[in-house]
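Enquirer: Structure for the following, please:
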Amino acid sequence: MRSIIVVDTDVLIDLEHNHAPWLKILLEEKTQQLVLPTIVISEYWAATKFVSLKDQAEAEDLFSLFDKQDLTEPIAKKLGILYRQKTYTTGASTADLIIAATVIYLNGLLATRNRTHFTKIPNLHFFDTHPPPGYSPTPGVY
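Expert: Prediction:
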(Lines give C-alpha, C1' and ligand atoms only; values in the text may rest on other atoms or scores of the structure.)
Protein backbone atom coordinates (compact mmCIF):
# COMPACT_ATOMS: atom_id res chain seq x y z
CA MET A 1 0.00 0.00 0.00
CA ARG A 2 1.33 3.43 -0.94
CA SER A 3 1.79 5.93 1.85
CA ILE A 4 0.61 9.49 1.40
CA ILE A 5 3.36 12.00 2.09
CA VAL A 6 2.28 15.64 2.34
CA VAL A 7 5.12 18.03 1.55
CA ASP A 8 5.59 21.28 3.48
CA THR A 9 7.05 24.44 1.91
CA ASP A 10 10.48 24.06 3.52
CA VAL A 11 10.89 20.63 1.95
CA LEU A 12 9.79 21.92 -1.45
CA ILE A 13 12.48 24.62 -1.17
CA ASP A 14 14.99 21.94 -0.15
CA LEU A 15 14.10 19.98 -3.28
CA GLU A 16 14.61 23.06 -5.44
CA HIS A 17 18.11 23.53 -3.94
CA ASN A 18 19.01 19.81 -4.17
CA HIS A 19 18.91 19.36 -0.38
CA ALA A 20 16.24 16.64 -0.38
CA PRO A 21 17.78 13.63 -2.13
CA TRP A 22 15.28 11.33 -0.42
CA LEU A 23 12.42 13.23 -2.07
CA LYS A 24 14.08 13.06 -5.48
CA ILE A 25 14.28 9.29 -5.08
CA LEU A 26 10.63 9.01 -4.08
CA LEU A 27 9.62 11.16 -7.06
CA GLU A 28 11.58 8.88 -9.38
CA GLU A 29 10.38 5.61 -7.81
CA LYS A 30 6.72 6.71 -7.64
CA THR A 31 6.23 4.28 -4.75
CA GLN A 32 4.50 6.84 -2.50
CA GLN A 33 1.76 9.36 -3.19
CA LEU A 34 3.38 12.78 -2.83
CA VAL A 35 0.89 15.54 -2.13
CA LEU A 36 1.35 19.28 -2.32
CA PRO A 37 -1.35 21.31 -0.55
CA THR A 38 -2.21 24.36 -2.61
CA ILE A 39 -1.39 26.56 0.40
CA VAL A 40 2.22 25.34 0.00
CA ILE A 41 2.12 26.50 -3.61
CA SER A 42 0.96 29.90 -2.34
CA GLU A 43 3.78 30.16 0.20
CA TYR A 44 6.36 29.04 -2.34
CA TRP A 45 5.01 31.39 -5.05
CA ALA A 46 5.31 34.38 -2.68
CA ALA A 47 9.10 34.47 -3.20
CA THR A 48 10.21 37.59 -5.06
CA LYS A 49 12.10 35.55 -7.67
CA PHE A 50 8.80 34.47 -9.21
CA VAL A 51 8.51 37.80 -10.98
CA SER A 52 10.69 36.12 -13.62
CA LEU A 53 8.78 34.10 -16.22
CA LYS A 54 11.66 31.61 -16.35
CA ASP A 55 11.43 31.01 -12.59
CA GLN A 56 7.65 30.73 -12.83
CA ALA A 57 7.98 28.06 -15.52
CA GLU A 58 10.51 26.14 -13.41
CA ALA A 59 8.16 26.31 -10.42
CA GLU A 60 5.27 25.02 -12.53
CA ASP A 61 7.47 22.09 -13.62
CA LEU A 62 8.26 21.40 -9.96
CA PHE A 63 4.58 21.54 -8.95
CA SER A 64 3.69 19.10 -11.74
CA LEU A 65 5.64 16.34 -9.97
CA PHE A 66 3.10 16.22 -7.13
CA ASP A 67 -0.57 15.51 -6.63
CA LYS A 68 -2.31 18.72 -5.50
CA GLN A 69 -4.76 19.01 -2.63
CA ASP A 70 -7.07 22.01 -2.39
CA LEU A 71 -8.58 23.23 0.86
CA THR A 72 -11.91 21.41 0.64
CA GLU A 73 -14.85 21.58 3.02
CA PRO A 74 -13.86 18.38 4.90
CA ILE A 75 -10.31 19.70 5.36
CA ALA A 76 -11.69 23.08 6.44
CA LYS A 77 -13.74 21.28 9.10
CA LYS A 78 -10.60 19.49 10.36
CA LEU A 79 -8.96 22.93 10.49
CA GLY A 80 -11.90 24.26 12.49
CA ILE A 81 -11.46 21.45 15.02
CA LEU A 82 -7.77 22.35 15.42
CA TYR A 83 -8.72 26.00 16.02
CA ARG A 84 -11.49 25.09 18.45
CA GLN A 85 -9.37 22.67 20.46
CA LYS A 86 -6.30 24.95 20.32
CA THR A 87 -4.04 21.90 19.98
CA TYR A 88 -1.17 23.67 18.26
CA THR A 89 1.80 25.77 19.28
CA THR A 90 1.48 29.54 19.36
CA GLY A 91 3.97 29.90 16.48
CA ALA A 92 1.82 27.91 14.05
CA SER A 93 0.47 29.98 11.18
CA THR A 94 -2.86 29.48 9.45
CA ALA A 95 -0.92 27.93 6.56
CA ASP A 96 0.71 25.47 8.98
CA LEU A 97 -2.68 24.49 10.35
CA ILE A 98 -4.14 24.04 6.85
CA ILE A 99 -1.23 21.75 6.03
CA ALA A 100 -1.77 19.80 9.28
CA ALA A 101 -5.51 19.48 8.62
CA THR A 102 -4.70 18.20 5.12
CA VAL A 103 -2.34 15.55 6.49
CA ILE A 104 -4.91 14.41 9.06
CA TYR A 105 -7.73 14.33 6.48
CA LEU A 106 -5.61 12.27 4.05
CA ASN A 107 -4.32 10.05 6.89
CA GLY A 108 -0.85 10.80 5.60
CA LEU A 109 2.59 11.70 6.85
CA LEU A 110 3.93 15.25 7.00
CA ALA A 111 7.35 15.86 5.44
CA THR A 112 8.72 18.99 7.10
CA ARG A 113 11.85 20.24 8.83
CA ASN A 114 9.72 22.62 10.90
CA ARG A 115 8.18 20.25 13.42
CA THR A 116 7.94 22.83 16.19
CA HIS A 117 4.76 24.35 14.73
CA PHE A 118 3.12 20.93 14.48
CA THR A 119 4.18 19.05 17.63
CA LYS A 120 1.01 19.46 19.73
CA ILE A 121 -1.42 18.48 16.97
CA PRO A 122 -3.09 15.13 17.72
CA ASN A 123 -3.27 12.45 15.02
CA LEU A 124 -0.53 14.12 12.99
CA HIS A 125 2.32 11.84 11.95
CA PHE A 126 5.65 12.81 10.43
CA PHE A 127 7.74 11.44 7.61
CA ASP A 128 11.39 11.13 8.59
CA THR A 129 13.16 13.61 6.29
CA HIS A 130 16.56 12.82 7.85
CA PRO A 131 16.97 9.05 7.85
CA PRO A 132 20.28 7.65 9.08
CA PRO A 133 23.07 7.19 6.49
CA GLY A 134 22.51 4.20 4.24
CA TYR A 135 18.82 4.01 5.14
CA SER A 136 16.40 3.52 2.24
CA PRO A 137 13.92 6.42 1.83
CA THR A 138 10.94 4.49 3.11
CA PRO A 139 8.34 6.39 5.10
CA GLY A 140 8.43 6.07 8.85
CA VAL A 141 5.73 7.05 11.30
CA TYR A 142 6.52 8.43 14.74
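
Enquirer: Spit out the contact partners of residue 129.
Expert: Shown in contact with residue 129 (Cβ atoms under 8 Å, 6 or more residues apart in numbering): 11, 20, 22-23, 111-113. The C-beta positions use only the backbone N, C-alpha and C, and glycine is treated the same way.

Enquirer: now, the most widely separated pair of these?
Expert: Farthest-apart pair in the contacts of residue 129 is 22 and 112; separation 13.1 Å (Cβ to Cβ).

Enquirer: where does the protein have low pLDDT?
Expert: Applying pLDDT under 70 to the chain flags residues 1, 131-142.

Enquirer: Walking through it, point out its strands one by one.
Expert: For the chain, strands defined by DSSP state E occupy the ranges 4-7, 33-37, 67-69, 109-111, 125-126.

Enquirer: gap between the shortest one and the chain center?
Expert: Yep, that's strand 125-126 we're talking about. 11 Å (Cα atoms, centre = their mean, to the nearest Å).

Enquirer: Pull the residues that contact that strand.
Expert: Contacts for strand 125-126 (Cβ under 8 Å, 6+ apart): 103, 108-112, 115, 118, 141-142.

Enquirer: Out of those, which is nearest to residue 80?
Expert: Residue 80 lies nearest to residue 103 out of those, by Cβ to Cβ, at 15.7 Å.

Enquirer: Test my guess that that closest one contacts residue 6.
Expert: Yes - counting by Cβ atoms under 8 Å, residue 6 is a contact partner of residue 103 at 4.6 Å.

Enquirer: Show the buried residues in the contacts of residue 129.
Expert: 11, 20, 22-23, 111-112 (16 or more other Cβ atoms under 10 Å).
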